[in-house]
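# structure, please.
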Amino acid sequence: MWGLGRLVLVLAAFALAGVAGWRLAMRWSPPLERYPVQGVDVSETTGTIVWPVLKGAGAQFGYAVATVGATTRDRNFQANWDAMARIGMKRGAMHVFSFCQSPRVQGDVFNTVVPRDLRALPAAIAFDYDAQCPDRPQRAALVAGVRAMIERIEAHTGTPVILRIAADVEDDYRLTEAFDRRWWAAGKFLKPAYGSRPWAIWRASDMRHIDGVQGPVNWNVAVQGAFAQ
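Next comes the predicted model:
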């Protein structure tokens, strides 16, 4: 019985350590002394956001998803866009790319939703695989389509776009080689080590919990000059 009791205590200790580690992970962000510029990217899946509270938690900039593919507008974009302006937060709009729809049409849809604002941060295009979209175009075709989309968006916004590229997409398509644009990497807790060039923005966590935000927050850091225009 003593052996069983000790086993129970050990398992309980491991469970408590796991809970403590999870709570630390939910509150973690990269050190400010190393990455002084930090911010968020949000969408309708983030839920309700009290933006002044989020700013008080250290978010200096925010990106709001505006459009997804060629047919979907984020339901919270306008509210998030306006809220960032009210509190004086640097703001940018993001398009989530679909491999199953025309890049040119996607660019046009983004332009109809996002107002031209030369004070805004550069528009961002996010490249992630989606289980609902099985298409994987040939690299040459994808690059040509994305180039046309970039030209459309940049003509509308007046500034070069930033490309947020997931590691598996970069492995397959080498987009950091194809486009001379600043890019945004993703690596949960660990600094990303992929891409042909140094990244300008790093999504360091997709699970940070902050009071005043309904769901988990995507937390990012930006290097000096990341938003230079």
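
# average pLDDT across the helix or strand where Glu170 lies?
Assigned by DSSP states H and E, Glu170 falls within helix 167-173. If you average the pLDDT over helix 167-173, you get 98.

# one more: stretch 117-133?
Rounded mean pLDDT across stretch 117-133 is 97.

# which residues touch the one residue sitting closest to the centre of the chain?
Centroid check for the chain by C-alpha atoms, centre = their mean gives Asp41 as the closest residue, at 4.9 Å. The contact partners of Asp41, taken as C-beta atoms under 8 Å, 6 or more residues apart in numbering, are Gly62, Tyr63, Ala64, Val65, Met94, Ala124, Arg203, Asn218, Asn220. Where you see a C-beta, it was placed from the backbone N, CA and C, and this is true even at glycine.

# thought the fourth one was touching Asp74?
Yes. Proximity of Val65 to Asp74 meets the contact threshold set by C-beta atoms under 8 Å, at 4.5 Å.

# mutual contacts of the two, please.
With C-beta under 8 Å, 6+ apart, Val65 and Asp74 have common neighbours Ser43, Glu44.

# strands of this protein, start to end?
For the chain, the strands defined by DSSP state E occupy 37-42, 61-68, 72-73, 90-96, 124-127, 162-165, 183-186, 201-208, 217-222.

# could you dump the ones you listed to a markdown table with distance to Val50?
Output for the strands of the chain, formatted as a markdown table (distance: least, C-beta to C-beta, whole Å):
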| stretch | distance to Val50 |
| --- | --- |
| strand 37-42 | 12 |
| strand 61-68 | 13 |
| strand 72-73 | 23 |
| strand 90-96 | 16 |
| strand 124-127 | 23 |
| strand 162-165 | 25 |
| strand 183-186 | 25 |
| strand 201-208 | 15 |
| strand 217-222 | 12 |
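
# understood, closing this out.
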